[in-house]
Structures are given as C-alpha cells and as structure tokens.
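Student: Let's see this in three dimensions:
(2 chains)
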Amino acid sequence: DAKTTQPPSMDCAEGRAANLPCNHSTISGNEYVYWYRQIHSQGPQYIIHGLKNNETNEMASLIITEDRKSSTLILPHATLRDTAVYYCIVHLSSNTGKLIFGQGTTLQVKP
Amino acid sequence: DAGVIQSPRHEVTEMGQEVTLRCKPISGHNSLFWYRQTMMRGLELLIYFNNNVPIDDSGMPEDRFSAKMPNASFSTLKIQPSEPRDSAVYFCASTIFGGIYGYTFGSGTRLTVV
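Tutor: Alright, predicted model coming up:
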C-alpha cells in the first residue's frame, strides 16, 4: 500500500468546516483512499472512501485531486465531538486486504 | 448487530502470567484483524485471518504472542508469559470483501502488565 503524509495536528472552530489534507503521491491506479477517525479511548471508525471521484456521505465529503496524488476530508460543520485523530490510508482492497495506519492528524475542534 | 465485541475491556495482570483477549466479529464478516496501540508506536497490525485461516502474522512481536480463530465467530489473542512492555490497548476489527466497505473495530481491551 502507498504511503500517506498528513499534518500532525490542526485546529478548527466549532461550526466551521474542517478541511483535513492528505498527500499520497505514490498511489497506484487500483488503490482506494480511506479515512478513519479515532475518538479518544475508542476503536477507529470508518468515515468514507473513494477511488477517483469525490464522495459524500452523512459524515463527511472526500475530495480527491484529478491526479489522485492528494485528497481532502471535509467535515462541513465541525462539532466538539469531532475532536479526534483522523487517519488517511491508501488501501488496495483485495481478498486479503490489510489496513495499515500512519500517525494521522489530531483535529481539535474549539468552541 | 452489536458490532465487534471484545472482552475483557480492561485487564490488569502480573508479569509472567498468561493473558487471553477475546473477540467476536460481526456476523458474516470473513476477515478478522488484531491491532495493538501504544503511544510510542501507534496502531500496529499484529495478525489477520481470512475465513478463519491466519494469513499474515508478521506483526506478532515474538513467540510469546499467539492468535487463533477456531470458528467464524470467535478469535483469541494470547500472551504467555506477559511482560510490562506488552501493556497497550488491543483492538480487534472485522470486515468483508477485503475491506472495500470499511473495517469495523471493537472497543478494545486495555491491558496493563505490572
């Protein structure tokens, strides 16, 4: 799986959009971009994933650049409960797929 | 579905004792993963199973660690003998179809070896 680079930490004001960047310049054509988050003391939680098109679900939006070398996770209206570590992972889904976590971005949502 | 269920939630044991962590994956999921999380090393994949068969145990730190999956609904991670450096939070996760739709993690077992 390709390596990702994320800023170690970010702040966001409550109610504003949180934009979390991720670089994955060595991504290959059949690798997906996944985002997970881990709220303190809990297990990681799946947020969203995409291949090359932008994706949106009830939790977030995922914007992937046309060359697929970077992506941005958008939390449209951040709340205090969104404070967590966010992991961007490039993953080749296969019958024996395994998920490898990096250090992630610690997002602090402030009132 | 109750999600991935791990037990116990907390375990405190003395160095040298055997520790067994348990995991019940989501029904229908065919892949199961054991992770360990520490402040120093983050989330590390220890071992994973597909259809109850161990596929990759390269992350298991040493022979003191062993994992089994006797059936599709149960897995154990055993440490014998335990050491203080094994203190960590151990997570179990399950998925289907290679994880294309995401992995579901349990709440973890916080292990403290004194």
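Student: B:Ile55 touches B:Leu45, doesn't it?
Tutor: No. Contact between B:Ile55 and B:Leu45 fails when scored by C-beta atoms under 8 Å: they sit 11.1 Å apart. Heads up, the C-betas are built off the backbone N, CA and C, glycines and all.
Student: Neighbour count for those two, which is higher?
Tutor: Counted by other C-beta atoms under 10 Å in any protein chain shown, B:Ile55 and B:Leu45 do not tie: B:Leu45 has more neighbours, with 20 against 16.
Student: Surely that one touches B:Leu32?
Tutor: No. Using C-beta under 8 Å as the test, B:Leu45 is too far from B:Leu32 to be in contact (11.6 Å).
Student: How about the contacts made by the residue most central in space within chain B?
Tutor: The centre of chain B sits closest to B:Trp34, judged by C-alpha atoms, centre = their mean, with a distance of 3.2 Å. Taking C-beta atoms under 8 Å, 6 or more residues apart in numbering or on different chains, we find B:Trp34 in contact with B:23, B:45-48, B:67, B:75, B:77, B:90-92.
Student: Then B:Ile79?
Tutor: B:18-19, B:64-65, B:86, B:111.
Student: Would you show me how to pick out the buried ones of those in PyMOL?
Tutor: To isolate the buried ones among the contacts of B:Ile79 in PyMOL, judged by 16 or more other C-beta atoms under 10 Å in any protein chain shown, type:
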select buried, chain B and resi 19+65+86+111
